[in-house]
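**Student:** give me a model of this one.
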Amino acid sequence: MGIKKKSEEDKRKKKKKRQSLEACKGKKGKKGREAAFHGTVKTLSLEPGSSEQIVGDEIPSSKGPRKAGNPCKGLKQKETRDSDKKQQPKLDPKTVGYFRRVHETLQQDFDSEQEKRLFLRNVLEEVKGIEFAVATDTLGSVVLQRLLELASPPQALRLLFALCNHFFQVSCHRSGAHVIQTALLQYPRLQEQEQGQQAASAEEGAEEEAAGKLEDIVLQLCTDVKDKFLMYNENTHGSFVVRSLFQVLGGIVQQESAKKGSRGHTVGGRKANPGSNPLIEFEVPESFPEQLKELASCFQENIAGFVTGKTASLALQVALQVLRKKLPLVCAELCDAIVSFLSSRNPSADYSSLLVFLKDQTSSRVLEEVLLVLDGKRLKRLFHSHFKGHLLELSAHPIANFTIQRLLAAIPSKKLFATVFDELSPGLEDVLAKGHMGVITELIAACRRHSCRQKEGLARLMEAFHCAVPASRRITCSFLFLSLLTYEIYFGKDDSECATEHQESERPLQDVNYHGSLLMQHLLHFCDPAPVLLSLAAMTSADLMTLACSKAGSHVFDALLTSSSISEKQWKKVLRKLKGHYVQLACSKSGSRVLDRVWNVATLAMKQEMAEELAERERELHGDPFGHHIVRNFALTHFLKRRGDWEEHQLTENKRRRLFAELLED
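**Tutor:** Model prediction:
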């Protein structure tokens, strides 16, 4: 009993203490708090269609005794350092549920164009008044992106004008940035529709007149970006918007990959072929070039931040690409400013400070872009002032070697390339040992492009792979180049045996390296590819099959068949060893591509020989995911049933291809 009385007494004491604290703070009960909250703040409607939204300016952030306008205890509010920044609104659960259903509907096909237009109009009507909240919601952002891809110019304009006062907040938001970026990338389509649009309905015409033009939206965004240029570019999400803005102002939009998150081939953490996505070029209004020039001048106001900043430098790289095409003089001025800044950091040193920045991951990427956009005169001056005498050191560096690759790709003249080759080629074995094969492939590619130092380049390669001497080892060069292994490693020889003659070996080709394939392709296009061609012809049928069925190696056959230095008789000698393996090739993803390529250049006799071997197993090929394409492309069914018609058709095809090739040569 005593314990029970004591617990009841403790409860009474705690209750009195709680009541006294609430009285001191001037707080009300739960119902009172909710009433005060709803009296001060307008919330999003639970039913889609309402234009009411949370107004951040009506929610003060102070704590303490409750007065009119003070926030309730349960209100979660994100603190901001900038007092002018508006509170970010949130969608309520029911509205989020509505947009989830919209998202599911957009993923399906519409029965008719009229149904799609009606659906878009209804959804955009529901978005009215809550555009900011929807754009910064994870699901709402995805919906708006899809709506912008389908919207007409008046619909897109109305949506974007509603976001004009929130450009910075939306652009620097992880979800909102994708909305602005999508709108910018849709500019070519929307502009074309806007210009070619005929008289619309009275309602749509009124909307378009009220909204203005697409140009006005872009100009307003330009003004906002110029006012907060560094803030936009230092923000991970805002940087995406600035890059897209530069592309639109220049009339050059780069298409994104079909699937978000898809990755290209990477080497050392970098894409092997940067900027490979196709470009869309379009006409821009007269005001855009001037805006492009003004935005470009903003970089020079804080050049240090853009050259060394990991995020800010990305917009600078895109700007250089656009300026090179549209405003080359402005591009040259910006490049001069970048080089001047990087080379003046430590004037008392014995070497250029630019070389130090080449070893920095961020600055080196900027310099790579500078090398690719510089004109020939400036590039030559840059090489002699900063690069000459340091090529081998930079090629061995894990970061700076990428800049050397861009330098080799950008060299404009045969004379300058000869200077670079003479300095770099003696150290190819050291570069190979470091695993920086991009430098070697770019060097050989430059030999091919400039028709310069080709004989010396092949000789240096053979020395690096230890197959130059004795001469008997040269027959193995294709194996070594394709696998990127030296002679001793490939054939398992000791260092003491490095000078011995080559002996016939059963060592088959196992793996084909990506860079090894590129190397072979360039070498086969040399003016005199005889050493490499002889080595390729010495391969067994099994080795050639390994090469043909390899994703990287299959492209070697493209070079073999298209090189102007290799005659039909020479490539036939190599391809003869594939006879008897056509079915195996047809059932391989890469091998079937090689068969198609051979078929396009084959004579009628070769085609008959290939068709006879494949037709014997036509049923098997029909059921294969790759083989059935060969059955269709080679018309094997016609070959079996109507041989005469098939031969006549193939003769016609061969003549047509020959005429087309002659026209291209002329």
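
**Student:** quick one: list the elements packing against the host helix or strand of residue 96.
**Tutor:** Residue 96 is part of helix 93-106, with elements assigned from DSSP states H and E. Contacts defined by 3 or more Cβ pairs under 8 Å, 6 or more residues apart in numbering; DSSP states H and E place helix 93-106 against helix 113-127, helix 138-150. Using the backbone N, CA and C atoms, a C-beta is placed for each residue, glycine as well.

**Student:** most tightly surrounded among the ones you listed?
**Tutor:** Across the helices and strands packed on helix 93-106, the average number of neighbours (mean count of other Cβ atoms under 10 Å) peaks for helix 138-150, which reaches a mean of 20.

**Student:** for the closest residue to residue 635 other than its chain neighbours, pull up the helix or strand it's in.
**Tutor:** With Cβ to Cβ, 6 or more residues apart in numbering as the criterion, residue 635 has its nearest non-adjacent residue at 5.9 Å, and that residue is residue 646. Following DSSP H and E, one finds residue 646 within helix 643-665.

**Student:** what comes up buried for the helix holding residue 96?
**Tutor:** 95, 96, 98, 99, 102, 106 (16 or more other Cβ atoms under 10 Å).

**Student:** likewise for stretch 605-623?
**Tutor:** Within stretch 605-623, the residues that count as buried by 16+ other Cβ under 10 Å are 606, 607, 608, 610, 611, 614, 617, 618, 621.

**Student:** next one: stretch 336-349
**Tutor:** 338, 339, 341, 342, 343.

**Student:** put the alpha carbons of stretch 161-172 into PDB.
**Tutor:** The C-alpha trace of stretch 161-172 is given here as PDB (Å, rounded to 0.1, in the frame of the first residue of the first chain):
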ATOM      1  CA  PHE A 161       7.200  31.400 -65.600                       C
ATOM      2  CA  ALA A 162       5.800  30.100 -62.300                       C
ATOM      3  CA  LEU A 163       9.300  29.000 -61.400                       C
ATOM      4  CA  CYS A 164      11.100  32.300 -62.400                       C
ATOM      5  CA  ASN A 165      11.100  33.700 -58.900                       C
ATOM      6  CA  HIS A 166      12.700  30.500 -57.600                       C
ATOM      7  CA  PHE A 167      15.300  29.800 -60.200                       C
ATOM      8  CA  PHE A 168      18.200  29.700 -57.800                       C
ATOM      9  CA  GLN A 169      16.400  27.600 -55.100                       C
ATOM     10  CA  VAL A 170      15.100  25.100 -57.700                       C
ATOM     11  CA  SER A 171      18.400  24.900 -59.700                       C
ATOM     12  CA  CYS A 172      20.400  24.200 -56.600                       C
END
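
**Student:** show residues contacting that stretch.
**Tutor:** Outside stretch 161-172, the residues that touch it by Cβ atoms under 8 Å, 6 or more residues apart in numbering are 85-86, 88, 128, 131-132, 135-136, 176-177, 179-180, 211-212, 217, 220-221, 224, 228, 231-232, 235, 237-238, 241.

**Student:** next: stretch 376-396.
**Tutor:** Under Cβ under 8 Å, 6+ apart, the answer for stretch 376-396 is 332, 335-336, 339, 343, 351-352, 354-355, 358, 371, 374, 400-401, 403-404, 407, 410-413, 416, 419-420, 423-424, 426-427, 430-431, 434, 436, 439.

**Student:** what is the end-to-end distance of that stretch?
**Tutor:** 26 Å (Cα to Cα, to the nearest Å).

**Student:** remind me which residues of the stretch 1-150 of the chain are low pLDDT?
**Tutor:** 1-87 (pLDDT under 70).

**Student:** now residue 452: which helix or strand?
**Tutor:** Using DSSP H and E, no helix or strand contains residue 452.

**Student:** list the contacts for it?
**Tutor:** Contacts for residue 452 (Cβ under 8 Å, 6+ apart) come out as 414, 417, 418, 421, 446.

**Student:** what subset of the residues you listed is buried?
**Tutor:** Buried members of the contacts of residue 452, counted by 16+ other Cβ under 10 Å: 417, 421, 446.

**Student:** those in helices, which ones?
**Tutor:** Secondary structure from DSSP state H places 417, 421, 446 of those in helices.

**Student:** any idea how far apart the tips of stretch 536-551 sit?
**Tutor:** The separation between the terminal residues of stretch 536-551, taken as Cα to Cα, is 18 Å.
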